[in-house]
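> need coordinates for the below:
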Amino acid sequence: MEKASEARRTVAALDRLQSDVVLELVGVSRDTLCVLLWQSPMAKVAPKLGVDARTLKRICELYNVPTPPQGYWSTRPDRRSIRMFKA
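Residues are numbered from 1 along each chain as shown. Below you'll find the model as predicted:
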């Protein structure tokens, strides 16, 4: 039981560190970035944050920010799969 709670604390600490780094790089928290990327395409979000789309994609990969799969925005809205994710 102790090891499980210690693991949860470690994961929470890592999440905070990732969020802090993302905040420093793009100016919004990791959770906010996740929401923005699921609301509109990365190519539209990146200029608003002052970074290149490729740079934003790399930041998302490095800091485990969930993003829509490739082709998500080119499919009709009623055909898009609804995915559960943890921000």
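
> so who does the residue nearest the centre of the chain touch?
The centre of the chain sits closest to Val65, judged by CA atoms, centre = their mean, with a distance of 2.5 Å. Counting by CB atoms under 8 Å, 6 or more residues apart in numbering, Val65 touches 22, 30, 33-34, 37, 59, 87. C-betas here are computed from N, CA, C, even on glycine.

> cutoff 6 Å now
Each residue near Val65 by CB atoms under 6 Å, 6 or more residues apart in numbering is listed here: 30, 33-34.

> equivalent analysis for Ala53, please.
Neighbours of Ala53 in contact, by CB under 6 Å, 6+ apart: 42-43, 46.

> tell me the buried residues in the lengthiest helix in the chain?
Longest helix in the chain by number of residues (criterion: DSSP state H): helix 2-26. Within helix 2-26, the residues scored as buried using 16 or more other CB atoms under 10 Å are 15, 18-19, 22, 25-26.

> who wins for neighbours among the contacts of Val65?
Highest neighbour count within the contacts of Val65, by other CB atoms under 10 Å: Leu33, with 26 neighbours.

> what values do phi and psi take at that residue?
Backbone torsions for Leu33, taken as degrees, to the nearest 10, come to phi -60, psi -40.

> can you check Thr67 too?
The phi/psi pair for Thr67 (degrees, to the nearest 10) is phi -130, psi 160.

> hang on, it packs against Cys60?
Yes - judged on CB atoms under 6 Å, Thr67 makes contact with Cys60 at a distance of 5.2 Å.

> Arg54 and Pro41: what is the separation?
Noted for Arg54: a distance of 14 Å to Pro41, by CB to CB, to the nearest Å.

> how about low-confidence regions in this structure?
For the chain, the stretches flagged by pLDDT under 70 are 1, 82-87.

> if you set the cut-off to 50 instead, what comes out?
Low-confidence segments of the chain, defined by pLDDT under 50: 87.

> can you measure across stretch 32-45, start residue to end residue?
Start-to-end span of stretch 32-45 (CA to CA, to the nearest Å) is 11 Å.

> and the contacts of Ala53 as a markdown table, adding neighbour count and secondary structure?
Below are the contacts of Ala53 laid out as a markdown table (neighbours: other CB atoms under 10 Å; DSSP: H, G, I helix; E, B strand; the rest coil):
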| residue | neighbour count | secondary structure |
| --- | --- | --- |
| Met42 | 16 | helix |
| Ala43 | 13 | helix |
| Ala46 | 20 | helix |
